[in-house]
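In: Next come a sequence and a model predicted from it.
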Amino acid sequence: MREINKQFGIPVSKHTCYRARYAARKTLRGSLIDHYHLLPSYIAELKKVYSGSTFDLVLERETPDSLVKFKRLYICFDSLARGFLEGCRRVTCLDGCFLKTEMRGQLLCAVGKDGNNQMYPIAWAVVEGENQASWTWFIQLLMGDLGIQVGNGWTIMSDQQKKKGHSTGTLRMLFWNAVKCTTHQDFQQIMQQMTTLKPQAAQDFRNIGVKKFCRAYISETPKCEVIDNNVCECFNSYILQYRSEPTIDMLEDIRSTIMQRIVKKREVASDTTDQLCPRIRKLVEGNKLKSRTCSLRHAGEFQFEVTDFGNRFVVDIRSRSCSCRYWNIRGIPCSHAITCIHWMKQDPVSFVTDWLKKDVYKRAYRNGIRPLNGRNLWTEVEGNYLFPPIVKKQPGRPKQKRRIDSSEKVVNGQRLSKKGVQMTCSICHQVGHNRKTCVAQIEKHAPSRVDALWKCVKMKGRVIPT
């Protein structure tokens, strides 16, 4: 509004700017009804170019004689599914994010982790909302594309909120320490501290089902230590700018962005000569530095006792295991194992799981997504026209940001919330206040009565008569 007023000298209101933007978008992208009329042609073009991929379009009618309306659309490219099965560990994260268009709705996604511990999109779907029916439909299609039957050896992670109202700083720290520790003994010790601090918080934590997401209890088969859903959050941020576009434009931007990403990942893997992926190399080098504080005793064959700061661990090189369980879970030799490997005069890289090596990493990105023609070359599909879904308009302006829980740290995307943090004064070193509200600070720098009167007179522009 300021720019228009400054450049043209025309005062405009906020609603006028909104109407102008809506008119410009309609001119560039067409009307919403025309957009949904084109959706069957878009699906037909996808099926023609990407044979073997899954594109499931679900329609609905209110009555047998009513208009055909859009409900759901599932997309899984065959190259992504094959790349995931050939080059990624059997760990899949599920999440949903809201769309910012007039039709609202949700975008469900399934994301894995590649050999460099980065996100690997597998499938996504536009649905009416996050509910049991939409998630069941999405997961059934995903299981068919990945060939999941019984589920043995697979890890499926959701973005379920597990907060129970215990969000103080100390409890949050104990919670993450309990989740990230790798041994049962450390877990029980941290839980004892939590019980001493707040018994109800410890009980609520146990009731969640700690064996499902704590590293001390997770399976060693996938060779993945992930206990959060950050890869899905990364994917949602990756496509953030596209979520305010109409369905076809959004899906096309997601497809083309992932197409370019696969090419870049393939080029990076071809340019490096290291056997390990960059992030895995960094972890191995960090463990090498930590191994300097370790000392070992050989117990015969491939077994060792390793002492690290008074703690003793058993390492078995043949089974590739350590009693600290770091090597067992991640597939990367821990500092204790590296101490033994160096004693055997061998390279730690050869003891890293194949899932994290460059050769397997390249398999995930060797199958690219082929280019697609524009809508001017799509074949028109005969049949009933497709119309937009039914949307119940809510009062007020549509929200563009999700609701932030009171216990979440991030505020305004930059600053951190200080809820639950105990303040300590830097002047009197007492707990419960800071230096701005310190009584000692106020008394020390309190102005005298004469100084206060003189300051008041100067502010009012008066002159004290002599």
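Out: The structure has been received and is ready for your questions.

In: quick one: the strands in the stretch 301-450 of the chain?
Out: Remark: strands assigned in the stretch 301-450 of the chain by DSSP state E, counting those that start in this stretch are 303-308, 311-316, 321-322, 386-387, 410-411, 415-416.

In: Which of these sits closest to Lys26?
Out: Taking CB to CB, strand 386-387 is the member of these nearest to Lys26, at 16.9 Å. All C-beta spots, glycine's among them, are computed from the backbone N, C-alpha and C.

In: so where is the stretch 351-466 of the chain shaky, pLDDT-wise?
Out: Regions of the stretch 351-466 of the chain meeting the criterion pLDDT under 70 cover residues 392-421, 440-466.

In: switch the cut-off to 90
Out: Residue ranges of the stretch 351-466 of the chain with pLDDT under 90: 380-466.

In: Could I get the buried residue list for the one helix or strand Val268 maps to?
Out: Val268 belongs to helix 247-271 when assigned by DSSP states H and E. Neighbour-count burial for helix 247-271, with 16 or more other CB atoms under 10 Å as criterion, is recorded at 247-252, 254-255, 258-259, 261-262, 265-266, 269.

In: Of all the strands of the stretch 301-450 of the chain, which one is nearest Arg104?
Out: Of all the strands of the stretch 301-450 of the chain, it is strand 386-387 that lies closest to Arg104, at 15.8 Å by CB to CB.

In: just to revisit the earlier point, just give me the closest of the buried residues of helix 247-271 to Ile239.
Out: Among those, and counting by CB to CB, the member closest to Ile239 is Ile254, at 5.4 Å.

In: Return the residues in contact with the closest one.
Out: By CB atoms under 8 Å, 6 or more residues apart in numbering, Ile254 lies in contact with Trp124, Ile239, Tyr242.

In: In strands, which of those appear?
Out: Here DSSP state E is the test, and the contacts of Ile254 give Trp124 as lying in strands.

In: Top of the contacts of Ile254 by number of neighbours, please.
Out: In terms of neighbours by other CB atoms under 10 Å, the contacts of Ile254 top out with Trp124 at 24 neighbours.

In: Compute the number of surrounding residues for the closest residue to that one other than its chain neighbours.
Out: Take Trp124 and drop its neighbours on the chain: the residue closest to it by CB to CB, 6 or more residues apart in numbering is Cys109, 4.4 Å away. Residues lying near Cys109 (other CB under 10 Å) number 23.

In: for Cys109, what are its contacts?
Out: Leu94, Asp95, Gly96, Cys97, Pro121, Ala123, Trp124, Ala125, Cys232, Phe235, Asn236.

In: Recalculate using a threshold of 7 Å.
Out: Asp95, Pro121, Trp124, Cys232, Phe235 (CB atoms under 7 Å, 6 or more residues apart in numbering).

In: Same list (those residues) but as TSV, adding pLDDT.
Out: Listed next are the contacts of Cys109 as TSV, based on pLDDT from 0 to 100:
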residue	pLDDT
Asp95	94
Pro121	97
Trp124	97
Cys232	93
Phe235	95
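
In: now those residues as a markdown table including secondary structure?
Out: Listed next are the contacts of Cys109 as a markdown table, based on DSSP: H, G, I helix; E, B strand; the rest coil:
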| residue | secondary structure |
| --- | --- |
| Asp95 | strand |
| Pro121 | strand |
| Trp124 | strand |
| Cys232 | helix |
| Phe235 | helix |
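
In: just to revisit the earlier point, residues making contact with the following helix or strand past the helix holding Val268?
Out: Sequence order places helix 278-290 as the next helix or strand after helix 247-271, per DSSP H and E. Helix 278-290 is contacted by residues 116-117, 274, 276, 332-335, 338, 348-349, 352, 356 when judged by CB under 7 Å, 6+ apart.

In: export the residues you listed to JSON lines and tack on neighbour count and distance to Arg370?
Out: Below are those laid out as JSON lines (neighbours: other CB atoms under 10 Å; distance: CB to CB, whole Å):
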{"residue": "Asn116", "neighbour count": "20", "distance to Arg370": "24"}
{"residue": "Asn117", "neighbour count": "18", "distance to Arg370": "28"}
{"residue": "Asp274", "neighbour count": "11", "distance to Arg370": "30"}
{"residue": "Leu276", "neighbour count": "22", "distance to Arg370": "30"}
{"residue": "Ile332", "neighbour count": "22", "distance to Arg370": "35"}
{"residue": "Pro333", "neighbour count": "28", "distance to Arg370": "40"}
{"residue": "Cys334", "neighbour count": "25", "distance to Arg370": "43"}
{"residue": "Ser335", "neighbour count": "22", "distance to Arg370": "45"}
{"residue": "Ile338", "neighbour count": "24", "distance to Arg370": "43"}
{"residue": "Pro348", "neighbour count": "19", "distance to Arg370": "40"}
{"residue": "Val349", "neighbour count": "16", "distance to Arg370": "35"}
{"residue": "Val352", "neighbour count": "24", "distance to Arg370": "33"}
{"residue": "Leu356", "neighbour count": "27", "distance to Arg370": "29"}
